[in-house]
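Novice: Next input, structure requested:
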Amino acid sequence: MRLSAAPGEDGPLLVLSLEDSDRSDLFVTVCSDAVQAAAIEGEADSLAGFLARLDAWRRFLKERRTGLSRHEVVGLLGELMVLRRLILGNPLLQGTWVAPADGLHDFERQGHALEVKTSLGVATSIRISTLDQLDDVGLRQLDLVHLRLIETPDGQSLGALADEIEQALPGDAAKRAFSNALLRRGLMPDDTGARAAPLVEQRGLSAFRVGPTFPRLTRAAVPGAIREAEYDLELRAIDGHTVDVDAVFTAFAGGGADG
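Specialist: I've put the predicted structure just below:
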């Protein structure tokens, strides 16, 4: 897509054009959604609302051609469960969810980062998908948070969880920022499949301190010719790095180090 200005009878016009004909199926949706985002803003903020929503769509279209896979839905469920816990304690912690803004870690605040991994059903390992996910360079503390979910007919869907978080946020601006963050993370407004299933319940929550002896691959620890890597961490093998998960969240919310 390209956004440009053009002269109009009543003043300058913003023109959104499609340059990739393969994405024409989504173009009408993008236009309608961005215009709607502008319409719900006050007159003074309509342009800012339009541009913010368009930027969220730009990120979405840059990184994917379809909506979320089941695996990605599970991962987003875990991130939102952590976000819910944080904002119920302090709504201002909404901005610590940096994954939608290309953050190296899922949550970060004052040098303390949380990397969230989520398993559905029985899990013996977790997947680390980049060399940066467990890299603590520039941080004073990095914790790996693991959620274990089960599928149950009485569970909560991604859509219901997102609605619960939105209702807990104070003010329209916070709600719109959350909606844009969901889109940047790959959840389209009309992706009813991803929003409806699976239905899950949290059955486990644990945390691990990522420090000098934690088993991991980082850019500094691999040959320079290796540009990227994915690997699995066996959960039993990192038991010795377990820390109290409540203390981790307390330290993150308070901005102080967790001893």
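
Novice: which outside residues touch the lengthiest helix in the chain?
Specialist: When the chain is parsed with DSSP state H, its longest helix is helix 70-89. The contact list for helix 70-89 (CB atoms under 8 Å, 6 or more residues apart in numbering) reads 68, 93-94, 96-97, 99, 106-107, 114, 116-120, 145, 147, 149, 158, 161-162, 164-165, 168-169, 185-187, 194, 197-198, 200, 202, 249, 252-253. Glycine gets a C-beta too; all of them are placed from N, C-alpha and C.

Novice: please redo it, this time with the cut-off set to 7 Å
Specialist: For helix 70-89, contacts defined as CB atoms under 7 Å, 6 or more residues apart in numbering pick out 68, 93-94, 96-97, 99, 106-107, 114, 116, 118, 120, 145, 147, 149, 158, 161-162, 164-165, 168-169, 185-187, 194, 200, 202, 249, 253.

Novice: now do stretch 210-226
Specialist: 131, 134-136, 142-144, 229, 231, 233, 237-238, 241.

Novice: Can you name the two of these that sit furthest apart?
Specialist: With CB to CB as the measure, no two of the contacts of stretch 210-226 lie farther apart than Asp143 and Ala229, at 21.4 Å.

Novice: what about these two, which has more around it?
Specialist: Neighbour tally, Asp143 and Ala229, criterion other CB atoms under 10 Å: the higher count belongs to Asp143, 27 against 13.

Novice: Would you confirm that the more buried one belongs to a strand?
Specialist: Yes. Under DSSP: H, G, I helix; E, B strand; the rest coil, Asp143 sits within a strand.

Novice: Now for the residue nearest to Ala123 when sequence neighbours are not counted, how many residues are close by?
Specialist: With CB to CB, 6 or more residues apart in numbering as the measure, Arg148 is the residue that lies nearest to Ala123, at 6.4 Å, once sequence neighbours are left out. Arg148: 18 surrounding residues under other CB under 10 Å.

Novice: Between helix 70-89 and the one helix or strand Arg148 maps to, find me the angle.
Specialist: Assigned by DSSP states H and E, Arg148 falls within strand 141-156. Angle of strand 141-156 versus helix 70-89, following axes from the mean of the first three to the mean of the last three CA atoms, to 10 degrees, is 100 degrees.

Novice: buried residues in strand 141-156?
Specialist: Neighbour-count burial for strand 141-156 flags 141-150, 155-156 (criterion: 16 or more other CB atoms under 10 Å).

Novice: picking that back up, what remains of the contacts of helix 70-89 if I keep only buried residues?
Specialist: Judged by 16+ other CB under 10 Å, buried ones among the contacts of helix 70-89: 68, 93-94, 96-97, 99, 106-107, 114, 116, 118, 120, 145, 147, 149, 158, 161-162, 165, 168-169, 185-187, 194, 200, 249, 253.

Novice: what sits up against whichever helix or strand comes after the longest helix of the chain?
Specialist: Later in the chain than helix 70-89, the nearest helix or strand by DSSP H and E is strand 107-109. With CB under 7 Å, 6+ apart as the test, strand 107-109 has contacts from 82, 96-98, 113-114, 252, 255.

Novice: cutoff 8 Å now
Specialist: Residues contacting strand 107-109 (CB under 8 Å, 6+ apart): 82-83, 86, 93, 96-99, 113-114, 116, 139, 252, 255.

Novice: quick one, strands of the chain?
Specialist: Assigned by DSSP state E, the chain shows strands spanning 2-8, 11-17, 107-109, 112-120, 125-128, 141-156, 200-209, 231-234, 242-243.

Novice: What distance do you get for the residue nearest to Gly67 when sequence neighbours are not counted to Leu80?
Specialist: Spatially, and ignoring its direct neighbours in sequence, Gly67 is nearest to Asp191 (4.2 Å; CB to CB, 6+ apart). Taking CB to CB, to the nearest Å as the measure, Asp191 and Leu80 are separated by 15 Å.
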